[in-house]
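Provided below are the primary sequence and the corresponding predicted coordinates.
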Amino acid sequence: MSTIIAASGRVSLDDLAKVYAGASLSLEPSYWPRVDAAAAIVAKAAQGAEPVYGINTGFGKLASKRIPPDQTTQLQRNLILSHCCGVGPATPEPVVRLMMALKIISLGRGASGVRSEIIEQLQAMLAQGVSPFVPQQGSVGASGDLAPLAHMTAVMIGEGQAFLDGRLVPGREALARAGLTPVTLGPKEGLALINGTQFSTAYALAGLLRAHDLLNAALVTGALSVDAAMASTAPFRPEIQALRGHPGQIEAGRVLTELLDGSAIRLSHLDGDERVQDPYCLRCQPQVAGAALDLLTQAARTLVTEANAVTDNPLVLVETGEIISGGNFHAEPVAFAADQIALALSELGAISERRIATLVDPALNFGLPPFLTPQPGLNSGFMIAEVTAAALFAENKQRALPCSIDSTPTSANQEDHVSMAAHAARRLHDMADNLAHIIGIELLVAAQGIELRVPHGTSAALSAVIGALRMHVPALEDDRYMADDLAKAAALVAGGVLARAAADALGRDPFPRLG
């Protein structure tokens, strides 16, 4: 993929999404003079008599220990090696690449004091596909994501391990095969590389992008469920949404209306339908999906700001020549944003599961057979698929409990309040997987329900979605091995196939954006 030329401080969500999808990123050349100026300030301080944290002192609780100038290089190397304490499975490569890009953006602001060759090493690794092995666990989200970022930095200096061309190899070998050589860290450079929120932010951004795609898929399956249940579209009218005024609700109502436009099923029961109101899971979709969209939009603003931020410590003020200690490494904004995304993922799954339950229940599905099987009794149909959706929804509900309210003191009480942003963001990956399966089950159930409404058909947009499903999963007649069907449906959901099929049929993209 192409390389994004980044203006540090002004990188967009679309740029970050491209990096997550595989693009590389390089710093816009006009930023190099400021980077070099900050590095010169640090180099001068390293030779001075005054103690400056992390430059000629120890770290954390050891900040009172002075380090002589001839040991500053060893200090930075020791910092990286000692902080490579991550455990657990490897962080997915797209998240690692995004983390590396975020570090380039942050260092490129020229307030961290690293030399240009440090940023160039990260850029080259990103461009050459050198992806450090970064264990998923070990960060509490302040003083930055120390352990994960140390594993990234270890590869830069020829240590640790990295993935290259799908193989896990020693870091030095990965660099050599990519035509790169290890860098030697100068004063403050190790600290600048590991002191920051880029691991948590990358995971949260990945969760945000996946949550947004899943919200769009849920709007599609929600519209399918409306027709499968022969429910009313009146609750989606724009006048209702405008009277409340929430932007997400207005957008969700508009999308549902567009997706259902032209449905013959809807026209077939405009008159003579004895039902007065539909269940909330059908009627209140704009309110629930819209509220989730607003949460994701707010989280996006926070995370794009954080992606462009300088989050290490201490910081170099080029204009005054000062080096100032602060607390930008504390990832509380990221933790809050991750908690918001988790709430949205949980609620989208909750209401989708209720629509599934409505469609398989003969007391609620307005004339469809029990569990949507043509021969109930002999066949169980979607009985246990609904149970699976309920299990996944319950798991997501438990995982949606806030992480940001947790804290534990670390580093001999020097770091006495932490954000827990890393696992707040990391859980979003599993929650998104669960939600993709829930929405996939709704896709199967709603498509089956619509096809049982013949001779009446749904809208052109929703017919195209069902057509995309039927290329992979046939309609359910007699009972069969169901796990493969569920997996294929979830893959269609996760891959964005539903929204693309609907947009192609409409001739336009009706789905809300986060940017």
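Structure received.

So for Ala291, what's the pLDDT?
The predicted structure scores Ala291 at 98 on the pLDDT scale.

same thing with Arg66?
Model confidence at Arg66, given as pLDDT, is 85.

Do I have it right that it meets Thr57?
Yes - with contacts defined as Cβ atoms under 8 Å, Arg66 counts as touching Thr57 at a distance of 6.1 Å. Placement of C-beta: from N, CA and C, glycine included.

Give me the more crowded residue out of the two.
For Arg66 against Thr57, the residue with the higher neighbour count under other Cβ atoms under 10 Å is Thr57, and the figures read 15 against 11.

Look up phi and psi at the more buried one.
With angles defined as degrees, to the nearest 10, Thr57 shows backbone torsions of phi -130, psi 170.

quick one: it from Ile157, how far?
Distance of Thr57 to Ile157, given as Cβ to Cβ, to the nearest Å: 21 Å.

Over to Ala344?
39 Å.

Which one's more surrounded, the two?
Ala344 (30 against 22).

Excluding chain neighbours, give the residue nearest to the more buried one in space.
Counting by Cβ to Cβ, 6 or more residues apart in numbering, the nearest residue to Ala344 once its immediate chain neighbours are dropped is Ala292, at 3.9 Å.

helix, strand or coil for the one you found?
Three-state call for Ala292 (DSSP: H, G, I helix; E, B strand; the rest coil): helix.

any idea how far stretch 80-89 is from the chain center?
Taking the mean of its C-alpha atoms, stretch 80-89 sits 23 Å from the chain's own mean (Cα atoms, centre = their mean, to the nearest Å).

and it, what's its mean pLDDT?
For stretch 80-89, the mean per-residue pLDDT is 97.

Find the residue at the geometric middle of the protein.
With distances taken as Cα atoms, centre = their mean, Gly207 lies nearest the centre of the chain, 1.6 Å away.

Tell me who's in contact with the residue nearest to Ala344.
With contacts defined as Cβ atoms under 8 Å, 6 or more residues apart in numbering, the neighbours of Ala292 are Ala211, Leu215, Gly248, Leu343, Ala344, Glu347, Leu348.

where does the stretch 401-515 of the chain have low pLDDT?
Confidence mapping of the stretch 401-515 of the chain against pLDDT under 70 gives the ranges 515.

Over to Asn379: give its phi and psi.
phi -110, psi 150.

ugh, wrong one, I meant Leu164
Leu164 adopts backbone torsions of phi -140, psi 120, taken as degrees, to the nearest 10.

Repeat that for the one 3 residues further on.
Listed backbone geometry of Arg167 is phi -110, psi 140, with angles given as degrees, to the nearest 10.

for it, which residues make a bridge with it?
Following DSSP bridges, Arg167 is listed with bridge partners Leu164.

From Glu319, how far off is it?
Arg167 sits 46 Å away from Glu319, taking Cβ to Cβ as the criterion.

What of Glu258?
Between Glu258 and Glu319 the distance, using Cβ to Cβ, works out to 51 Å.

who has more neighbours, those two?
Glu258 (19 against 6).

which residues are in contact with the helix or strand in which the more buried one is found?
Glu258 is part of helix 247-260, with elements assigned from DSSP states H and E. Under the criterion Cβ under 8 Å, 6+ apart, residues 219-220, 222-223, 226-227, 233, 236-238, 240-242, 266, 285-287, 289-294, 297, 458-459, 461-462, 502, 506, 510-512 lie in contact with helix 247-260.

One more: stretch 453-467?
220, 223-224, 227-228, 230, 258-265, 268, 443, 447, 450-451, 498, 501-502, 504-506.

switch the cut-off to 7 Å
When contacts are defined by Cβ atoms under 7 Å, 6 or more residues apart in numbering, stretch 453-467 is touched by residues 220, 223-224, 227, 259-265, 268, 447, 450, 498, 501-502, 504-506.

Using neighbour counts, trim those residues to the buried set.
By the neighbour-count criterion of 16 or more other Cβ atoms under 10 Å, the contacts of stretch 453-467 include these buried positions: 220, 223-224, 227, 259-261, 263, 265, 447, 450, 498, 501-502, 505-506.

And the next helix or strand past the helix or strand bottoming out on mean pLDDT in the chain?
Among the helical and strand segments of the chain, the one scoring lowest on mean pLDDT, DSSP states H and E is helix 264-268, with a mean of 90. Beyond helix 264-268 on the C-terminal side, the first helix or strand identified by DSSP H and E is helix 280-283.

Let me see the mean pLDDT of that following helix.
Here the average pLDDT along helix 280-283 is 97.

helix or strand for Gly449, which one?
Assigned by DSSP H and E, Gly449 falls within helix 421-451.

what comes up buried for that helix?
By 16+ other Cβ under 10 Å, the buried positions in helix 421-451 come out as 421-429, 431-432, 434-451.

cool, stretch 53-66 as well?
Neighbour counts over stretch 53-66 (16+ other Cβ under 10 Å) mark Tyr53, Gly54, Ile55, Asn56, Gly58, Phe59 as buried.

Then stretch 446-465?
In terms of neighbour count (16+ other Cβ under 10 Å), stretch 446-465 has its buried residues at 446-453, 457-459, 461-465.

Go ahead and confirm Ser143 touches Glu415.
Yes - when contacts are counted by Cβ atoms under 7 Å, Ser143 is listed as touching Glu415 (5.6 Å).

all strands of the chain, in order?
Counting by DSSP state E, the segments of the chain that form strands are 3-6, 24-27, 87-90, 131-132, 135-137, 161-164, 167-170, 315-317, 322-324.

Dump those strands into JSON lines; add distance to Asn379 as well.
JSON lines is the format used below for the strands of the chain (distance: least, Cβ to Cβ, whole Å):
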{"stretch": "strand 3-6", "distance to Asn379": "52"}
{"stretch": "strand 24-27", "distance to Asn379": "52"}
{"stretch": "strand 87-90", "distance to Asn379": "39"}
{"stretch": "strand 131-132", "distance to Asn379": "47"}
{"stretch": "strand 135-137", "distance to Asn379": "42"}
{"stretch": "strand 161-164", "distance to Asn379": "46"}
{"stretch": "strand 167-170", "distance to Asn379": "47"}
{"stretch": "strand 315-317", "distance to Asn379": "66"}
{"stretch": "strand 322-324", "distance to Asn379": "70"}
